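Novice: give me coordinates for this.
(one chain, ligands or ions: 1)
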Amino acid sequence: VPELPEVETVRQGLLPLLGSRIVAAEVFHPRAVRHQYGGADEFMSLVNNKEITAAVRRGKFLWLLLAPKQALLVHLGMSGQIRSDIKLDDLANPHLRVRFTLQSSSTDNRNPLQYLDFIDQRTFGYVTIDKLIPTADGKPGGSGTDLPLLPVRVAHIGRDVLDPHLDIEMVSNKIANKRTEIKRVLLDQTVVSGIGNIYADEALWRAEVHPQAQINSLSISKIANVLNQAQQVILDSLTAGGTSFDNLYVNVNGESGAFSRSLAVYGQAGKPCQRCGTEIARISFMNRSSAICPVCQFVS
Ligand SMILES: [Zn+2]
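Specialist: Okay, here's the model as predicted:
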């Protein structure tokens, strides 16, 4: 499952496409445009002849701003990829769902056409054209834009942990009023977005907080520390190009991530804790597996 670092890596990979114009779009599977009310025909007509002006991300949501004011929203779901490294004479990927043909803005480019492919084996992801609405706080919609606008479908998503406009102190105070467990809040994308299961586990280990710790047992500075650790672990992952373990997720150039080799708890059950040597344990919480150090993350 692509997490924030992978989506950010994808976003950065799309930056060379800014200024390009979509000159054609083909939809090969209706499920990939299931959120477009008018279906594939409407989708294709709305993207046609639009210039890509920005590549923006909030949490795991990614959108291309299309001039004048529309968003081409891309949600990668469980297994989606967006690839721009496809050669015009390459055989199409069997899981190709939507293909955009782009025309480069640069005049010195000898081959100005290129493909942008949305590939998704299971088609849990989707692409859609969405309206832009003002952000609630009047600040930029996400990474990659200064415009205080975001797609309707992203309006309920909180600012993500890498967003420079995220106010950690304010969010920590907001979290402190909740009567639930810390990991549940970390995974709630409406509070702070972009923290998936892997990063929640890693951040909680770094902050020495048990995933099931009740919020009311934690000080505001402890909550802020968990968020700061989440920010740091995601930055570390980004430096390494994402976490992916398998071939399901690859970045825009077809490379998979290397950060998985430096995870402290996630997927490390049975191995010694890097801090105290105790065996990392797996516990079940929220119908998923959490990895903890039972000593460092002791909950009283
Ligand atoms: Zn430990």
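Novice: okay but Ser262 is in contact with Ala240, surely?
Specialist: Yes: shown here, Ser262 and Ala240 form a contact pair, counting by CB atoms under 8 Å, at 6.9 Å. Where you see a C-beta, it was placed from the backbone N, CA and C, and this is true even at glycine.
Novice: so where do the strands sit in the stretch 101-250 of the chain?
Specialist: Ranges of strands in the stretch 101-250 of the chain, per DSSP state E, counting those that start in this stretch, are 113-120, 126-134, 149-151.
Novice: list the beta-bridge partners for Arg99.
Specialist: Glu26, Asp117 (DSSP bridges).
Novice: what residues are up against it?
Specialist: Ala25, Glu26, Phe28, Ala92, Tyr115, Leu116, Asp117, Phe118 (CB atoms under 8 Å, 6 or more residues apart in numbering).
Novice: equivalent analysis for Leu204, please.
Specialist: Here Leu204 is in contact with Ile182, Lys183, Leu186, His210, Pro211, Val226, Gln229, Ile292, Gln297 (CB under 8 Å, 6+ apart).
Novice: so where's this protein uncertain?
Specialist: For the chain, the stretches flagged by pLDDT under 70 are 107-111, 241-261, 300.
Novice: centre-most residue in it?
Specialist: Lys60 (2.4 Å; CA atoms, centre = their mean).
Novice: show me what contacts the closest residue to that residue other than its chain neighbours?
Specialist: Distances taken as CB to CB, 6 or more residues apart in numbering place Val7 nearest to Lys60, at 5.1 Å, with adjacent residues excluded. Val7 makes contact with Arg57, Gly59, Lys60, Phe61, Leu62, Leu76 under the criterion CB under 8 Å, 6+ apart.
Novice: distance of Val7 from the ion?
Specialist: Taking CB to the ion, to the nearest Å as the measure, Val7 falls 30 Å from the ion.
Novice: need the residues of the protein near the ion, please.
Specialist: Cys273, Arg275, Cys276, Thr278, Cys293, Val295, Cys296 (CB under 5 Å from the ion).
Novice: chain neighbours aside, what residue packs nearest to the third one?
Specialist: The one in question is Cys276. Nearest to Cys276 is Val295, by CB to CB, 6+ apart, at 5.2 Å.
Novice: so the one you found sits against Glu279, correct?
Specialist: No: with contacts counted by CB under 8 Å, Val295 stays clear of Glu279, the gap being 9.5 Å.
Novice: for the host helix or strand of Ile52, name the packing helices and strands.
Specialist: Element membership for Ile52 (DSSP states H and E) is strand 52-58. Applying 3 or more CB pairs under 8 Å, 6 or more residues apart in numbering; DSSP states H and E, we find strand 52-58 packed against helix 4-14, strand 61-66.
Novice: ranking those by burial, who's on top?
Specialist: Stretch with highest mean neighbour count among the helices and strands packed on strand 52-58: strand 61-66 (a mean of 26; mean count of other CB atoms under 10 Å).
Novice: relative to strand 126-134, how tilted is that strand?
Specialist: Here strand 61-66 runs at an angle of 70 degrees relative to strand 126-134 (axes from the mean of the first three to the mean of the last three CA atoms, to 10 degrees).
Novice: what are the pairing partners of strand 61-66, and which direction each?
Specialist: Applying DSSP bridges, you get strand 52-58 (antiparallel), strand 70-75 (antiparallel) as the partners of strand 61-66.
Novice: now the angle from the lengthiest helix in the chain to helix 4-14?
Specialist: Longest helix in the chain, counting residues (DSSP state H): helix 220-240. Angle, helix 220-240 to helix 4-14, by the same axes, to 10 degrees: 40 degrees.
Novice: buried set for helix 220-240?
Specialist: Using 16 or more other CB atoms under 10 Å as the test for burial, helix 220-240 gives 222-231, 233-234, 237-238.
Novice: still on that earlier bit, if I look at Val295 and Glu279, which residues touch both of them?
Specialist: Common neighbours of Val295 and Glu279 (CB under 8 Å, 6+ apart) are Cys273.
Novice: next, format the strands paired with strand 61-66 as CSV and append mean neighbour count.
Specialist: Formatted as CSV, the strands paired with strand 61-66 follow (neighbours: other CB atoms under 10 Å):
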stretch, mean neighbour count
strand 52-58, 24
strand 70-75, 23
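Novice: what sits closest to Val265 if chain neighbours are left out?
Specialist: Ala291 (4.0 Å).
Novice: in three-state terms, label the one you found for me.
Specialist: strand (DSSP: H, G, I helix; E, B strand; the rest coil).
Novice: what distance do you get for the nearest residue to Asn173 once chain neighbours are set aside to Ser172?
Specialist: Nearest-residue entry for Asn173: Ile220, 6.2 Å, with adjacent residues in sequence omitted and distances by CB to CB, 6+ apart. Separation of Ile220 from Ser172 (CB to CB, to the nearest Å): 5 Å.
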